[in-house]
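**Q** how would this look folded up:
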Amino acid sequence: MSLDNSPVNFAQPNDVTGRNSEPNNYMPGSEHAGLSPAIVESIAGLSAGTVATLVVHPLDIVKTRMQISTSAASAASHDLSAVGMLRSLTNSPNPFASLYRGLVPNLSGNALSWASFFFFKTRFEDLLMLARGSERPTPSDYFVASALAGAATSVLSNPIWVVKTRMLASDKGAKGAYPSMWSGFRTIYATEGIRGLYRGLGVSMIGVSHGAVQFAVYEPAKRFYFARRQRMGVDNGRMTTEATLVISSASKLIAGAVTYPYQVLRSRLQVYKADEKFGKGFRGVVRMTWREEGIRGFYRGLIPGVVRVMPSTWVTFLVYENVRFYLPRWLA
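**A** Sure thing, here's the model as predicted:
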């Protein structure tokens, strides 16, 4: 959708909240150094997603392989622990290639997801404010806008995640392994059709609650932080590194605590020959996981997931907040 033809006109963000505090300043065509707030958010999200993915990709491989492993497989192998998998990857003939197997779809998916998420989130927040005639989003607005943005992003990025999951789950020389992202797209479309590219989309929609919970915590906490700084007379419109780390960590841990099982189910739905390994469809995967592994099966890969997600979250939000703050100033 063209920004110029959008039915919603965005207010120019101020330094503290990203929103104008004066309703009379809600002017059509208002921009930040020639960019609308939605574009600034998209560029910040794109930058954050790219840097974070490069930093933690090896841990993403470990997490994915642990999620699709089973109790029987674990009993038969001593290399299905997080440390064992990392050791196996680094001891391969080409450790760098092994540690960054599937980087292209992971990088593409994360960059697209973060850019589109922040773009849609900003627009949905403005739509909700416009509908209520409010000058600032409420906590419920953050939750609803994040959920809607997450759903739109899932539809756009799901084919990339299917290919990424299958590439991360297998070594390059393994039987049936995709040599590249585009080869994966072609193979899936040829053998499974368009439905194959959208495997796991339903459970991904459940997962939008993760982003909704995360930002329902993150945005009000950030607003509280800035309000406190203003009362102390030390606010310069930019979050400190320490505050960004604390607020992003708290919001991520709270969201992760209630939504992690969906990530395991999504990985098992998207992996190659999923129906044979884990059961047919969402209900089949849930039944087989519960029957064979119990509650522990839904939390496979949790430890490397947490180890991966915290530095990823820190990098993501540090890059996001700094690009969001400095980009309009650089352009100006």
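
**Q** tell me where the model's unsure across the stretch 151-300 of the chain.
**A** Filtered on pLDDT under 70, the stretch 151-300 of the chain yields the residue ranges 235.

**Q** at 90 what do you get?
**A** 154, 161, 164-181, 183-184, 196, 199-246, 248-300 (pLDDT under 90).

**Q** burial measure for Gly294, as a count.
**A** 10 (other Cβ atoms under 10 Å). Where C-beta positions appear, they are placed from N, C-alpha and C, glycine not excepted.

**Q** may I have the phi/psi pair for it?
**A** When quoted as degrees, to the nearest 10, the phi and psi of Gly294 stand at phi 70, psi -160.

**Q** and what of Ser134?
**A** Dihedral angles phi and psi of Ser134 (degrees, to the nearest 10) take the values phi -100, psi 160.

**Q** measure it to Asn110 for me?
**A** Here Ser134 is placed at a distance of 32 Å from Asn110 (Cβ to Cβ, to the nearest Å).

**Q** and Trp161, by the same measure?
**A** Remark: distance between Trp161 and Asn110 (Cβ to Cβ) = 10 Å.

**Q** show me which of those two is the more surrounded one.
**A** Shown here are Trp161 and Asn110; by other Cβ under 10 Å, Asn110 has more neighbours (28 against 24).

**Q** got the contact list for the more buried one?
**A** Neighbouring residues of Asn110 by Cβ atoms under 8 Å, 6 or more residues apart in numbering: 49-50, 52-53.

**Q** just Met239 next, same as before
**A** 222, 225-226, 247, 321.

**Q** follow-up on the earlier one: so of the contacts of Asn110, which ones are in helices?
**A** Using DSSP state H, 49-50, 52-53 are the members of these that sit in helices.

**Q** what is the nearest of those residues to Ser157?
**A** The nearest member of the ones in helices among the contacts of Asn110 to Ser157, counting by Cβ to Cβ, is Gly49 at 10.7 Å.

**Q** what about Ala52, how many residues close to it?
**A** By other Cβ under 10 Å, the residues close to Ala52 number 25.

**Q** do I have it right that it meets Val315?
**A** Yes. The pair Ala52 and Val315 passes the contact test of Cβ atoms under 8 Å, sitting 4.4 Å apart.

**Q** now Arg324. Nearest residue, chain neighbours left out?
**A** Leaving aside its sequence neighbours, Arg324 sits nearest to Ala44 (Cβ to Cβ, 6 or more residues apart in numbering; 4.0 Å).

**Q** burial measure for the one you found, as a count.
**A** When counting by other Cβ under 10 Å, one arrives at 23 neighbours for Ala44.

**Q** one more: the one 10 residues further on?
**A** Neighbouring residues of Leu54 were enumerated by other Cβ under 10 Å; the total is 14.

**Q** now do Gly173
**A** Residues within reach of Gly173, counting by other Cβ under 10 Å, total 9.

**Q** about what we covered before: from the contacts of Asn110, which has minimum pLDDT?
**A** Ranked by pLDDT, those bottom out at Gly49 (75).

**Q** run a quick neighbour tally on that residue.
**A** The tally of other residues near Gly49 (other Cβ under 10 Å) stands at 28.

**Q** now it: how far from Val155?
**A** Counting by Cβ to Cβ, the gap from Gly49 to Val155 is 17 Å.

**Q** got it, and Ser146?
**A** Counting by Cβ to Cβ, the gap between Ser146 and Val155 amounts to 15 Å.

**Q** more neighbours, those two?
**A** Just comparing Ser146 and Val155: by other Cβ under 10 Å the higher neighbour count belongs to Ser146, 27 against 14.

**Q** surely that one meets Ala216?
**A** Yes. Between Ser146 and Ala216 there is a contact under Cβ under 8 Å: 6.8 Å.

**Q** picking up where we left off before, quick one: which two of the ones in helices among the contacts of Asn110 are the most distant?
**A** Using Cβ to Cβ, these span at most 7.4 Å, a distance reached by Thr50 and Ala52.

**Q** circling back: ok, now how distant is the residue nearest to Arg324 from Gln263?
**A** Ala44 is 25 Å from Gln263, where distance means Cβ to Cβ.

**Q** swap in Gly184?
**A** When Cβ to Cβ is applied, the distance between Gly184 and Gln263 equals 20 Å.

**Q** quick one: the helices in the stretch 1-150 of the chain, in order.
**A** With DSSP state H, counting those that start in this stretch as the criterion, the stretch 1-150 of the chain has helices at 37-67, 71-76, 82-90, 95-99, 103-132, 139-168.

**Q** what does the fourth one rub up against?
**A** When contacts are defined by Cβ under 8 Å, 6+ apart, helix 95-99 is touched by residues 57-58, 61, 89-90, 92, 171-172.

**Q** quick one on the thing from earlier: the contacts of Met239, buried ones only, as a PyMOL selection?
**A** Filtering these down to the buried ones (16 or more other Cβ atoms under 10 Å) takes a single PyMOL command:
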select buried, resi 222+225+226+247+321
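
**Q** any idea which of the contacts of Met239 is closest to Ala115?
**A** The nearest one, if we look at the contacts of Met239 relative to Ala115 and count by Cβ to Cβ, is Glu321, at 15.5 Å.
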